[in-house]
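**Q** Based on what follows, work out the 3D shape:
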Amino acid sequence: MEHFNISQRYSETYDTLNKNIENYTVNATNFINEIAVGGIENFNKSIEVTQRYYNDIVQITLTTQER
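**A** Alright, predicted model coming up:
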């Protein structure tokens, strides 16, 4: 009977530890994904701003040359 209790405690401890590792892994993965998505969004915004800036320069240059 005592052997069964030790096995059950071992199993409960293992399950708890396994669940904690799983939770930490999911949380860490979500955190990394949020950082990656934020970085990609900022990079895309930078490209957008740069494209608008150069489009404005091209339009100003063309307008100036037509005069």
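**Q** can we go C-alpha only for contacts and neighbour counts from here?
**A** Noted.
**Q** what's the neighbour count on residue 18?
**A** Residues lying near residue 18 (other CA atoms under 10 Å) number 12.
**Q** from here on, count from 10
**A** Fine by me, first position is 10 from now on; the one you just mentioned is residue 27.
**Q** What distance do you get for it to residue 69?
**A** Separation of residue 27 from residue 69 (CA to CA, to the nearest Å): 63 Å.
**Q** What ranges in the protein fall below the confidence cut-off?
**A** The chain contains residues with pLDDT under 70 at 10-13, 75-76.
**Q** which SSE is the residue positioned nearest the centre of it in?
**A** The centre of the chain sits closest to residue 42, judged by CA atoms, centre = their mean, with a distance of 1.8 Å. If you go by DSSP states H and E, residue 42 is part of helix 11-75.
**Q** what distance separates that helix from the centre of its chain?
**A** In terms of CA atoms, centre = their mean, to the nearest Å, the centre of helix 11-75 is set 0 Å apart from its chain centre.
**Q** Then stretch 63-76?
**A** With CA atoms, centre = their mean as the basis, stretch 63-76 stands 39 Å off its chain's centre.
**Q** What residues sit buried inside that stretch?
**A** For stretch 63-76, burial by neighbour count (16 or more other CA atoms under 10 Å) applies to no residue.
**Q** From residue 28, how far out is residue 35?
**A** Taken as CA to CA, the span from residue 35 to residue 28 is 11 Å.
**Q** try residue 15
**A** 20 Å.
**Q** Over to residue 18?
**A** 15 Å.
**Q** Likewise for residue 49?
**A** 31 Å.
**Q** same question, residue 19
**A** Using CA to CA, residue 19 is found at 14 Å from residue 28.
**Q** show me what contacts the residue nearest to the centre of the chain?
**A** If a contact means CA atoms under 8 Å, 6 or more residues apart in numbering, then residue 42 has no contacts.
**Q** Next, work out how far apart it and residue 26 are.
**A** Plainly put, residue 42 is 24 Å away from residue 26 if you go by CA to CA.
**Q** Kindly report the same for residue 45.
**A** For residue 45, the distance to residue 26 - CA to CA - is 28 Å.
**Q** Could you do residue 20 as well?
**A** 10 Å.
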